[in-house]
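[1] would you be able to build a 3D model of this:
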Amino acid sequence: MSGERGWEIDCIDLVELVTGYLEGALDEERRITIEAHLQLCDGCQTYVEQIRETVRVLGHLPLHAAQDLPDEVRRQLLAAFRAERPR
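    Modelled structure (predicted):
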């Protein structure tokens, strides 16, 4: 996987796609781009592993979970992630 391919997606976009990625619901092109990004970005790699572990512990991750969040909660979560990601 090329490093250039991994930067085709921003960290915040990966966060929004993580559910689909972990459930195998993304098309192959997007999956490959995410996996290339994960090879380059330790922060996103850690994030995906944390979500993967959360799913393992909870037993499932509904596809619609992110869409069901109230807009304000979603904005707050995205702001918190942006504040934590490396610059």
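
[2] against Val73, how distant is Glu35?
    Here the criterion is Cβ to Cβ, to the nearest Å. By it, Glu35 lies 28 Å from Val73. For the C-beta atoms, the positions are set from N, CA and C on the backbone; glycine is no exception.

[3] higher neighbour count, those two?
    Set Glu35 next to Val73 and count neighbours by other Cβ atoms under 10 Å: Glu35 wins out with 14 against 10.

[4] strands of the protein, residue ranges please.
    Assigned strands in the chain: none (criterion: DSSP state E).

[5] what is the longest helix that it contains packed up against?
    Taking DSSP state H as the criterion, the chain has its longest helix at helix 42-58. Contact partners of helix 42-58 among helices and strands, from 3 or more Cβ pairs under 8 Å, 6 or more residues apart in numbering; DSSP states H and E: helix 11-22, helix 28-40.

[6] which one of the ones you listed lies nearest to Arg52?
    When these are compared by Cβ to Cβ, helix 11-22 sits nearest Arg52, at 6.2 Å.

[7] buried stuff in the closest one?
    Neighbour-count burial for helix 11-22, counted by 16 or more other Cβ atoms under 10 Å, picks out Cys11, Leu14, Val15, Leu17, Val18, Thr19, Gly20, Tyr21, Leu22.

[8] average pLDDT across it?
    Mean pLDDT, helix 11-22: 93.

[9] shaky segments in this structure?
    For the chain, the stretches with pLDDT under 70 are 1-3, 60-67, 84-87.

[10] thinking again about what came up before, run the angle between the longest helix of the chain and helix 28-40 for me.
    Comparing the axes of helix 42-58 and helix 28-40 via axes from the mean of the first three to the mean of the last three Cα atoms, to 10 degrees yields an angle of 110 degrees.

[11] what about helix 42-58, distance to the chain center?
    The chain centre lies 9 Å from the centre of helix 42-58; the measure is Cα atoms, centre = their mean, to the nearest Å.
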